[in-house]
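Undergrad: pasting the sequence and the predicted coordinates here, then a few questions.
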Amino acid sequence: MSRATIRANVALMKILVLGGSVFLSKAVAAEAVARGHAVTCANRGSSGSAPEGARLVRWDRAEPAPAELTRASYDAVVDVARLPSWVRTAVAAWPNAHWVFVSTVNVYPDPHPPHGTPADSPLHEPMPEDVDPMSSPEAYGRMKVACEEIVRGAVASWTVVRPGLIVGPGDPSGRFTYWARRLADGGEALAGGDPGDEVQVIDVRDLAAWIVTCAEQRTGG
């Protein structure tokens, strides 16, 4: 479906992207702008620029939300946060918007089961406190579980997205391109796991498009 068709079939919206300057959140903001939506990006302004056509409001999420943001209403909010305190502050500011919260497959104790998908698997116990995600292997996933619970319990409608390995333009980690660059330079690379293991990646642009569609359709689950 072309963007022109999408614009013809979907009412234009006011979308708040919490982030919008790096990788996935920036791709989401760019996609929403391309579809004709009015996009506001809220971030510290230190990690890069917002996409052309999006409005930037500076906000350090360790601080209260600025009045420039809280005075406004939004049809949808897209959040990629990992710290529960950040999510609590944001949902309190915009509880009536449709929320698309980007979580992770790391909410599952076994995010890569040998057969099928983990969708019906139990989740980690939530960690409602903010901790350093590097403090333990499970901290990141447990905080994301807590963030999901905060969103589900506080907003009018919501969609939770649990992607796995995201790759593509703007990836600051280099986790996908590392292998090709290493081998192209004649180096050796140690690959963990079993050669028969399957790995599925998702292009950040495809995921961003799907997230914007979720916001437009206001679907939850």
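TA: Right, received. Where do you want to start?
Undergrad: and R3, what's its pLDDT?
TA: At R3, the model reports a pLDDT of 56.
Undergrad: the one 4 residues further on now?
TA: Here, the pLDDT recorded for R7 equals 53.
Undergrad: same question for G221.
TA: Confidence score, pLDDT, at G221: 54.
Undergrad: helix, strand or coil for the residue sitting furthest away from the middle of the chain?
TA: Largest separation from the mean C-alpha position in the chain: G186, at 34.9 Å (C-alpha atoms, centre = their mean). Using DSSP: H, G, I helix; E, B strand; the rest coil, the structure places G186 in coil.
Undergrad: and it, how far is that from V131?
TA: 41 Å (C-beta to C-beta, to the nearest Å). For glycine as for every other residue, the C-beta is placed from the backbone atoms N, C-alpha and C.
Undergrad: which secondary structure element of the chain has the lowest mean pLDDT?
TA: Here the helix or strand of the chain ranked lowest by mean pLDDT, DSSP states H and E is helix 3-9, holding a mean of 54.
Undergrad: and the helix or strand just after it, how far from the chain's centre?
TA: Going down the chain from helix 3-9, the next helix or strand is strand 14-18, by DSSP states H and E. Distance, stretch centre to chain centre, for strand 14-18: 12 Å (C-alpha atoms, centre = their mean, to the nearest Å).
Undergrad: which strands or helices does strand 14-18 pack on?
TA: helix 23-34, strand 38-43, strand 76-79 (3 or more C-beta pairs under 8 Å, 6 or more residues apart in numbering; DSSP states H and E).
Undergrad: what's the closest of these to P163?
TA: P163 lies closest to helix 23-34 among the helices and strands packed on strand 14-18, at 8.2 Å (C-beta to C-beta).
Undergrad: deepest of the helices and strands packed on strand 14-18, which one?
TA: With neighbours taken as mean count of other C-beta atoms under 10 Å, the helices and strands packed on strand 14-18 reach their highest mean count in strand 76-79, at a mean of 26.
Undergrad: that one: partners in the sheet, and parallel or antiparallel?
TA: strand 14-18 (parallel), strand 98-102 (parallel) (DSSP bridges).
Undergrad: hmm, who's touching the longest helix along the chain?
TA: Looking across the chain with DSSP state H, the single longest helix is helix 139-154. Contact with helix 139-154 is made by 79, 81-84, 87-88, 91-92, 95, 99, 101, 103-104, 106-108, 111, 123-128, 130-133, 158, 160, as judged by C-beta atoms under 8 Å, 6 or more residues apart in numbering.
Undergrad: just the buried ones from those residues?
TA: 79, 81-84, 87-88, 91, 99, 101, 103-104, 106-108, 111, 123-124, 126-127, 133, 158, 160 (16 or more other C-beta atoms under 10 Å).
Undergrad: nice, that's everything, thank you.
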